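> I would like to see how this sequence folds:
(2 chains)
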There are 2 protein chains.
Amino acid sequence: MKPPRLGIAIILSGPSGAGKSTVTNLLRQRNPDLCFSVSCTTREPRNGEVDGKDYYFIDKKDFQRNIRDNEFIEHAEVHGNFYGTLKSEIIERVRAGKDVILDIDVQGAFQIRKCSKQYSLLARCTELVFLGPPSFDELERRLRGRKTEKEDVIRKRLETAKLELDHWRDYDYLVINKEVEQTVKDMETLIDILHKSTKRLEDSGFYT
Amino acid sequence: MKPPRLGIAIILSGPSGAGKSTVTNLLRQRNPDLCFSVSCTTREPRNGEVDGKDYYFIDKKDFQRNIRDNEFIEHAEVHGNFYGTLKSEIIERVRAGKDVILDIDVQGAFQIRKCSKQYSLLARCTELVFLGPPSFDELERRLRGRKTEKEDVIRKRLETAKLELDHWRDYDYLVINKEVEQTVKDMETLIDILHKSTKRLEDSGFYT
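Coordinates of the predicted model:
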C-alpha cells in the first residue's frame, strides 16, 4: 500500500564551481522521471546550451514582465545577468507527485526559503541542499580549470563564493561534492529517503 | 574535511507487532557503532531477555524514584507495566557524536517530541521514525503469530494499535515494515543520509 504523496522540489544550490550543473545533469540522465525546473536567464548561452532545455534564454524586457506579473518564485541578478524560476515549473508537478530538481544560486535559494514560509505547499515540498566543495582552495581550482571565464569574472565569482560558503547552515542538507559519482549517488539516496518523510504524505486513506 | 557533528537519537516507534524489536536488534548486530538506549521496565523479562542489555528490569519503587528525580526523558504505563527512558542513555552519547537508537512505544515517542520542543539539543538530535505494518490485518496476523500472549492481551494490543496507527503523521518519517531485510536497509540508509542534515553540524571551523 503506497499512500498518495506530493512530489519533492529539490533545491540544489551552492557557490559557482561547486558542481551544481554537473550533478544536476547526471541526475537527470540517470533518473528520467526526475523533472527539471528550467530557469529563465538573460545571460548568453554557453557552448552547447539549448534554449528550453538548459535555460529559457529571454531578454531583459520579458524578464521584467515576468517579475511584474509575479510569475517567479525567485529571481536574482548575478554578475550582471538575471536568473529566475517560474512558479509554473514547480507547483503543478509536485501536486501531481512528481519530483523536480532545481539548480539555483544561493541568492535564489534564499528567496525560495522565504517564499516557502508564506506558502505551505512549498514548505512541504522543498528541500534545500547545499552543494559544497571540499574546500575553498578546491573551488578556486575548479573555477580556474573551466577556462570559460576571464580573470575578472573568476575573481568576482570567488569573492561571492567566499561569502556564500558561510550559508550552508541555512539549508536542510549539506552534501560535499568531492567526487561527482559519489555525489550523484548521495543525491539519489537522499531523494529516495525523503520519500519516507511524513510531511509530503497525504492523510486520506492511510490505515483506514 | 568532516565537520564535527552531534549524534542522532533515532526514535523507532510504532504499534506493538510492527517489528520494532526485530528491526532494532538487526540494526544493532550489523552496526556495532550504533548505540542502543536500554529502557527501564517493571514488566517481567520474556524468554531470553537479559537485564541491562534488552531492558533494565526494575521494580515499581525504583521506577517511581526515577520519575521523582526527573531522570526520565519519557515514561509511560502500557498494559499495566511501566516503561521509561533514562536521559543519561541519550544526552552524553549524542554530544560525543554517537548515534543512539531507541525502541519506544507511541506514548513514549509523544513525550520525547514534547520534551524536544523545550530542549534545543534534543530538537537537533531526535528523528522520529514511525515503523508501520503494511496493513492492520497484517499487524493482527503478526501479533497472533507470536503466540507469547494470551487472547485478552492480544485484543488489548490490537485496540491500542488501531488508535496508534493514526499517529504516523506526528513523526518525521514513515517506514513500512513489509519485509524485515529491506526495512533494516532502509533504516541504515536513513541514518546515513541524516548525517547530511545541517541541523546537527557544528559551525566551528567549516570553510574558514
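> any residue of the helix or strand encompassing residue A:22 up close to chain B?
In this structure, residue A:22 sits in helix A:20-30 according to DSSP states H and E. No. Helix A:20-30 stays clear of chain B (C-beta under 8 Å from any C-beta of the partner chain), getting no nearer than 13.9 Å. All C-beta atoms are positioned from the backbone trio N, CA, C, and that covers glycine.
> after that helix comes which helix or strand?
strand A:35-36.
> and that following strand, average pLDDT?
Strand A:35-36 shows a mean pLDDT of 94.
> contacts for it, please.
Residues from elsewhere that reach strand A:35-36, judged by C-beta atoms under 8 Å, 6 or more residues apart in numbering or on different chains: A:7, A:24, A:28, A:93, A:98-101.
> quick one: the strands in chain A?
A:9-13, A:35-36, A:39-41, A:55-57, A:72-78, A:81-86, A:100-104, A:126-132, A:173-176 (DSSP state E).
> just say which of the ones you listed is most tucked in.
Most buried of those, by mean neighbour count (mean count of other C-beta atoms under 10 Å in any protein chain shown): strand A:9-13, with a mean of 26.
> who touches the helix holding residue A:22?
A:12-14, A:34, A:36, A:101, A:103-104, A:131, A:177, A:180, A:183-184, A:187-188.
> mind redoing it with 6 Å?
A:12, A:14, A:36, A:101, A:103, A:131, A:180, A:183-184, A:187 (C-beta atoms under 6 Å, 6 or more residues apart in numbering or on different chains).
> do stretch A:145-156 as well
Here stretch A:145-156 has contacts from A:79, A:143, using C-beta under 6 Å, 6+ apart.
> start to end distance for it?
16 Å (C-alpha to C-alpha, to the nearest Å).
> hang on, the earlier thing: tell me which of the contacts of strand A:35-36 is nearest to chain B?
Chain B lies nearest to residue A:99 out of the contacts of strand A:35-36, by C-beta to the nearest C-beta, at 15.4 Å.
> hang on, isn't the closest one packed against residue A:6?
No. Proximity of residue A:99 to residue A:6 does not meet the contact threshold set by C-beta atoms under 6 Å, at 9.7 Å.
> contact residues of chain A facing chain B?
Residues of chain A found near chain B (C-beta under 6 Å from any C-beta of the partner chain) are A:134, A:165, A:169, A:171, A:173-175, A:189-190, A:193, A:196-198, A:207.
> repeat that with 8 Å
Residues of chain A lying near chain B (C-beta under 8 Å from any C-beta): A:1, A:3, A:130, A:132, A:134-136, A:165-166, A:168-176, A:186, A:189-190, A:192-193, A:196-198, A:201, A:203, A:206-208.
> point out where chain A drops to low pLDDT.
Counting by pLDDT under 70, the ranges of chain A that qualify are A:1-3, A:204-206, A:208.
> hmm, 80 instead?
Within chain A, the segments meeting pLDDT under 80 span A:1-3, A:78-79, A:146-148, A:203-208.
> beta-bridge partners for residue A:10, please?
residue A:101, residue A:127 (DSSP bridges).
> how close does residue A:202 sit to residue A:161?
In this view, residue A:202 and residue A:161 are 40 Å apart by C-beta to C-beta, to the nearest Å.
> quick one, which of the two is more surrounded?
When neighbours are counted by other C-beta atoms under 10 Å in any protein chain shown, residue A:202 and residue A:161 differ, and residue A:161 comes out ahead with 21 against 12.
> tell me which residues touch the more buried one, please.
A:15-17, A:136, A:139, A:143.
> again, only this time at 7 Å
A:15-17, A:139 (C-beta atoms under 7 Å, 6 or more residues apart in numbering or on different chains).
> nearest to residue B:81 among these?
residue A:15 (54.9 Å; C-beta to C-beta).
> which one is the closest one nearest to, not counting chain neighbours?
Nearest non-adjacent residue to residue A:15, counting by C-beta to C-beta, 6 or more residues apart in numbering or on different chains: residue A:161, 3.7 Å away.
> quick one, helices of chain A?
Using DSSP state H, the helices of chain A run over residues A:20-30, A:60-68, A:91-95, A:106-118, A:120-125, A:136-146, A:151-164, A:180-194.
> what is the neighbour count of residue A:51?
11.
> how about it: what's its closest non-neighbour residue?
residue A:57 (4.9 Å).
> where's residue A:186 relative to residue B:124, distance?
Counting by C-beta to C-beta, the gap from residue A:186 to residue B:124 is 21 Å.
> look at these two and report which has more neighbours.
residue A:186 (21 against 17).
> surely the more buried one meets residue A:175?
Yes. Using C-beta atoms under 7 Å, residue A:186 makes contact with residue A:175 at a distance of 5.6 Å.
> can you tell me the closest non-neighbouring residue to residue A:117?
residue A:123 (6.7 Å).
> hmm, back to that, correct me, but the residue nearest to residue A:51 touches residue A:50?
No. Using C-beta under 7 Å, residue A:57 is not in contact with residue A:50, being 9.3 Å away.
> residues near residue A:49, how many?
Neighbour tally, residue A:49, other C-beta under 10 Å: 14.
> and it, what does it touch?
Counting by C-beta under 7 Å, 6+ apart, residue A:49 has contacts residue A:55.
> phi first, then psi, for it.
phi -70, psi 140 (degrees, to the nearest 10).
> before we move on, what about the one 5 residues further on?
Residue A:54 has phi and psi values of phi -80, psi -50 when expressed as degrees, to the nearest 10.
> how about the one 5 residues further on?
Note on residue A:59: backbone dihedrals following degrees, to the nearest 10 are phi -90, psi 170.
> apart from its neighbours in sequence, what residue is nearest it?
Closest to residue A:59 by C-beta to C-beta, 6+ apart is residue A:42, at 6.4 Å.
> just to revisit the earlier point, quick one: which of the contacts of strand A:35-36 is nearest residue B:157?
For these, the nearest to residue B:157 is residue A:7 (36.4 Å; C-beta to C-beta).
> the closest one reaches residue A:98, doesn't it?
Yes. Using C-beta under 7 Å, residue A:7 is in contact with residue A:98, at 4.4 Å.
> who has more neighbours, these two?
When residue A:7 and residue A:98 are compared for neighbours, residue A:7 comes out ahead with 20 against 16, by other C-beta under 10 Å.
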